[in-house]
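> Using only what follows, build the 3D model:
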Amino acid sequence: MDVGGWLKSLDLECYEAAFRENGVSGEDLCHLTAEDLEGLGVTAIGHRRRLLVAIEALRLKSMPTGDPVPS
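Have a look, this model is predicted:
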């Protein structure tokens, strides 16, 4: 996945440089935590929340069909 394109789709392309400078790849996105986002400089709560919701959607999308959703 293209990290820059993903951020742009969320209207958060202002963080693209921080993700790139910290070596965050498309494979890393679904593993990011709230603490990781703070470390990347995402200080606005609304932006962090938007990213966390999108990250959770990536996690669910990457799960093989038929696997139970972790609780």
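
> so who does the closest residue in space to Ser25 that isn't next to it in sequence touch?
Setting aside the residues directly before and after it, Ser25 is nearest to Val3 in space (CB to CB, 6 or more residues apart in numbering), at 6.7 Å. Heads up, the C-betas are built off the backbone N, CA and C, glycines and all. Going by CB atoms under 8 Å, 6 or more residues apart in numbering, Val3 touches Glu16, Phe19, Arg20, Val24, Ser25, Gly26, Leu29.

> Any idea how many residues pack against the last one?
Look at Leu29: counted by other CB atoms under 10 Å, it has 19 neighbours.

> So which elements touch whichever helix or strand Ala54 is part of?
Element membership for Ala54 (DSSP states H and E) is helix 45-62. Helix 45-62 makes packing contacts with helix 34-39 when contacts are defined by 3 or more CB pairs under 8 Å, 6 or more residues apart in numbering; DSSP states H and E.

> Contacts made by the helix it packs on with the rest, please.
Asn22, Arg48, Leu51, Leu52.

> Drop the exposed ones from those residues and show what's left.
Buried members of the contacts of helix 34-39, counted by 16 or more other CB atoms under 10 Å: Arg48, Leu51.

> so which of the contacts of helix 34-39 would you say is closest to Ser9?
Leu51 (11.5 Å; CB to CB).

> Contact partners for the closest one?
Neighbour list for Leu51: Leu10, Leu12, Leu32, Leu37, Val42 [criterion: CB under 8 Å, 6+ apart].

> any idea how far Pro64 is from Leu51?
Distance of Leu51 to Pro64, given as CB to CB, to the nearest Å: 24 Å.

> From what I see, Tyr15 and Ala44 are in contact.
No - between Tyr15 and Ala44 there is no contact under CB atoms under 8 Å: 10.1 Å.

> of those two, who's got more company?
Using other CB under 10 Å as the criterion, Tyr15 and Ala44 rank with Tyr15 on top: 19 against 11.

> Read off the pLDDT value for the more buried one.
Listed pLDDT for Tyr15 reads 97.

> now do Thr65
69.

> cool, and Met1?
88.

> same deal with Glu21?
So, for Glu21, pLDDT stands at 97.

> Burial check on Leu37, number of neighbours?
Neighbour count of Leu37, defined by other CB under 10 Å: 20.
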